[in-house]
Each structure stands twice: as C-alpha cells, then as structure tokens.
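>>> Let me see the structure of the following:
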Amino acid sequence: MAKSIYINKKVVIDGIKFDSKKEARRYQALLLLQRVGEISDLELQPKFELVKGVKFSGDARAKPAVRYFADFAYTDTATGKRIVEDVKSPVTKEKPSYKMKRHMMLAIHGIEVLET
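Sure thing, here's the model as predicted:
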C-alpha cells in the first residue's frame with residue numbers, strides 16, 4: 001500500500017468527521033460566527049454538479065456526473081452573498097484536479113471558491 005502524502009489527522013466534532021484539524025477548527029469558527037449573526041445557513045459538504053453524467057455508445061453503464069464537494073457554504077449576513085469555502089493545505093491547493101474543479105465552479109456556477 002502506498003504511503004499517503006497527507007499528514008492530516010481526522011477529527012470528529014459534534015459527531016461530524018473532518019478530514020483535518022484545520023477543517024475542524026474552521027467549522028468551530030464558523031459556528032461561532034453563525035451564533036453571533038455574522039453568517040447564516042451554514043452548510044457542510046455542499047455538492048455542486050460540474051458536468052452531467054454521460055453514457056458512451058458501447059458502454060454498459062453511464063459514467064457518473066463530475067461533482068465538486070466544498071467544505072462549507074454559508075451566507076454573509078452583512079452582504080447577503082453566498083460563500084463557498086474550502087479548507088486547503090498548500091499541497092492540496094496545487095493539485096491539478098482541485099485547480100480544475102475550482103476553475104469550473106467559477107466558469108459554470110459563477111462561484112469563486114474561498115480558500116482558507
């Protein structure tokens with residue numbers, strides 16, 4: 001089995017499993033911001049479809065849609081703007097697959113993913 005390049009330690013808070021301590025800390029900070037009214041409608045792991053599923057001729061089954069799962073989405077109560085946020089390490093921020101999906105989020109949905 002190949003050794004993982006990620007050093008993240010999974011953390012569970014409020015029964016929710018987070019991929020890293022950094023993501024768990026951000027969740028706690030967002031909960032606090034929601035309690036004091038700076039943000040609302042906090043959502044975990046919001047899903048966005050980037051490309052519809054397709055079925056190639058000759059294939060028995062269709063290929064699934066390409067989706068992007070962000071870490072958080074919420075509304076900034078001061079501006080009313082919906083924010084989509086992803087907690088990324090310097091290593092994962094540079095992955096070509098993440099860069100492509102972030103690009104597609106802006107091109108397709110008009111959403112610029114906030115990296116924290």
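>>> Quick check: the gap between residue 20 and residue 82.
24 Å (Cβ to Cβ, to the nearest Å). From N, CA and C alone the C-beta is placed, and that goes for glycine too.
>>> And residue 66, by the same measure?
Separation of residue 66 from residue 82 (Cβ to Cβ): 21 Å.
>>> before we move on, what about residue 24?
With the distance defined as Cβ to Cβ, residue 24 ends up 23 Å from residue 82.
>>> which of those two has more neighbours?
Neighbours per residue, other Cβ atoms under 10 Å: of residue 24 and residue 82, the larger number sits with residue 24, 20 against 13.
>>> Tell me the confidence at the more buried one?
Listed pLDDT for residue 24 reads 96.
>>> Next: the one 4 residues further on.
Predicted confidence (pLDDT) for residue 28: 97.
>>> what does the one 4 residues further on give?
Here, the pLDDT recorded for residue 32 equals 98.
>>> which stretches of this structure have low pLDDT?
For the chain, the stretches with pLDDT under 70 are 1-7.
>>> Show me where it has its strands.
With strands called from DSSP state E, the chain shows them at 11-13, 16-18, 39-44, 47-51, 66-69, 72-76, 82-86, 114-115.
>>> List the pairing partners of the last one within its sheet, with orientation.
Using DSSP bridges, the strands paired with strand 114-115 in its sheet are strand 82-86 (parallel).
>>> Name the residues of the strand it pairs with that come out as buried.
Within strand 82-86, the residues that count as buried by 16 or more other Cβ atoms under 10 Å are 83, 84, 85, 86.
>>> Nearest to residue 51 among the residues you listed?
residue 84 (17.6 Å; Cβ to Cβ).
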